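Novice: how would this look folded up:
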Amino acid sequence: MSYDSIPEAMKDVDVGWIDLDAENSLNNRFAMPNKFFSYLNNGVPVLVNQCTDMEEFIQTYKCGHVVKKLQATAQDYFQALLHLHSNRSKTQEMSLNSRKVMESHFSWRHMEKKLFTVYDQLAKDL
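Specialist: Coordinates of the predicted model:
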């Protein structure tokens, strides 16, 4: 799928689901995959298993739900989806928070400033 078609594909998505093997892989336990940010950028709250960095991000910005298991089962996700479905106003709030955090902190406009600061500091250290 092309990058430009992602917003159209996600316009009717209620929740983005990311399940990583966090029990047997340190990389996955601390990973923040591109799909995580694709969901958030399109105002889609995320449902994840207990991966450290994604969990911290979700708790900080209130933009998703974490199943508190390193290896969540289908039943765990089913229960989480039932919870989210029965709390539609909370899910809507998470959706708004998802887009808001991307606009306010993680858009390319903001990342560009951060990168220039890093590059300036590196240039001074030469």
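
Novice: quick one: Leu70 and Asn49 touch, right?
Specialist: Yes - judged on C-beta atoms under 8 Å, Leu70 makes contact with Asn49 at a distance of 6.6 Å. Where you see a C-beta, it was placed from the backbone N, CA and C, and this is true even at glycine.

Novice: just checking, what's the longest helix in the chain?
Specialist: helix 108-125 (DSSP state H).

Novice: So what touches that one?
Specialist: Ser104 (C-beta atoms under 8 Å, 6 or more residues apart in numbering).

Novice: same thing but at 10 Å, please
Specialist: Residues outside helix 108-125 that contact it (C-beta atoms under 10 Å, 6 or more residues apart in numbering): 102-106.

Novice: Equivalent analysis for stretch 87-99, please.
Specialist: Applying C-beta under 10 Å, 6+ apart, the set of residues contacting stretch 87-99 from outside is 13-16, 37, 39-47, 58, 61-65, 83-85.

Novice: Name all residues that make contact with the closest residue to Trp17 other than its chain neighbours.
Specialist: Spatially, and ignoring its direct neighbours in sequence, Trp17 is nearest to Leu47 (4.9 Å; C-beta to C-beta, 6 or more residues apart in numbering). The contact partners of Leu47, by C-beta under 10 Å, 6+ apart, come to 14-19, 39, 58, 64-67, 72, 77, 80-81, 83-84, 91, 94.

Novice: Can you give the strand pairings for the helix or strand hosting Leu47, parallel or anti for each?
Specialist: Element membership of Leu47 [criterion: DSSP states H and E] is strand 46-49. Strand pairing for strand 46-49, determined by DSSP bridges: strand 16-18 (parallel), strand 64-67 (parallel).
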